[in-house]
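1. Any chance you can model this:
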Amino acid sequence: MVGKWLDGLNKTLADFPPQIKTFLIRSFFLFVVWKGLYLLFWSEQRTLDGPLTLLVGKQSVQLLNRLTADTQFTAKPVVAIKRFEGEFQVSRVSLISRNGRPIMNIADECNGLELFVLYLGFLLAMPASIKRKISYAVAGMVLIHVVNLIRCVGLSLVLMNWDRYFDIAHHYIFKIMVYSTIFILWILFSKKLSFSKPANETV
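-> You can find the predicted model right below:
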């Protein structure tokens with residue numbers, strides 16, 4: 001039974017176009033490497049998440065102070081404790097406050113790091129010149145960061161003015177906006193790519 005399943009899987013993989021197989025192999029390899037490095041070295045110490053979460057909080061506050069007449073928005077790192085399924089969870093977040101009143105926590109899951117990895121993973125797995133990859137990587141990460149800041153600012157404004165719509169804004173509206181941006185960047189990057197170039201012209 002297992003042997004037949006493996007034979008069928010091998011036949012299916014053998015029928016894949018070479019470019020697709022290369023993309024899938026690269027994607028799997030990059031995913032394993034990223035998760036390994038992140039979980040072993042960076043997750044517990046928040047080596048990447050810590051500075052990025054603080055940066056998103058500070059820059060979100062700067063935008064909020066520019067967009068509103070009230071210039072008393074602040075952001076600071078705090079320890080947040082919440083109860084989930086009967087257990088208390090402790091996490092470090094960037095707390096956005098207005099005139100000393102807490103508005104919203106920006107957790108590590110919302111700092112955009114996974115979005116960067118998702119975007120860059122696609123670029124690295126695709127066959128394209130190094131110059132094209134670097135230019136799209138830099139420009140794309142800047143754009144994704146800006147869109148994520150707009151998301152955080154938007155959610156803060158929703159919480160302050162229309163809090164009953166926060167869940168739908170958080171789980172759907174702004175999430176669609178962020179992932180649509182990444183998808184469009186992928187489309188632009190893939191456009192005009194030739195998958196038949198010699199191997200020494202692409203990486």
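
2. distance between stretch 180-196 and the chain's centre?
-> Relative to its chain's centre, stretch 180-196 lies at 17 Å (C-alpha atoms, centre = their mean, to the nearest Å).

3. what residues does that stretch touch?
-> Contact with stretch 180-196 is made by 19, 115, 118-119, 122-123, 126-128, 132, 136, 140, 143-144, 147, as judged by C-beta atoms under 8 Å, 6 or more residues apart in numbering. Glycine gets a C-beta too; all of them are placed from N, C-alpha and C.

4. Looking at those, which one is closest to V178?
-> Using C-beta to C-beta, V147 comes nearest to V178 of the contacts of stretch 180-196, at 5.6 Å.

5. Please, which helix or strand holds the most centrally placed residue in the chain?
-> For the chain, L115 is the residue whose C-alpha lies nearest the centre (C-alpha atoms, centre = their mean; 1.3 Å). L115 is part of helix 113-125 when elements are defined by DSSP states H and E.

6. repeat for R92
-> Using DSSP H and E, R92 sits within strand 87-98.

7. Can you give me the buried ones in the following helix or strand past that strand?
-> Once strand 87-98 ends, the next helix or strand along the chain (criterion: DSSP H and E) is strand 101-106. Neighbour-count burial for strand 101-106, counted by 16 or more other C-beta atoms under 10 Å, picks out I103, M104, N105, I106.

8. next one: strand 101-106 to chain centre, how far?
-> 21 Å.

9. follow-up on the earlier one: which strands and helices sit next to the helix holding L115?
-> The elements that helix 113-125 packs onto, with contact taken as 3 or more C-beta pairs under 8 Å, 6 or more residues apart in numbering; DSSP states H and E, are helix 18-37, helix 130-161, helix 174-190.

10. helices or strands next to the second one in the packing?
-> Packed against helix 130-161 by the contact rule (3+ C-beta pairs under 8 Å, 6+ apart) you find helix 49-67, strand 87-98, strand 101-106, helix 113-125, helix 166-168, helix 174-190.
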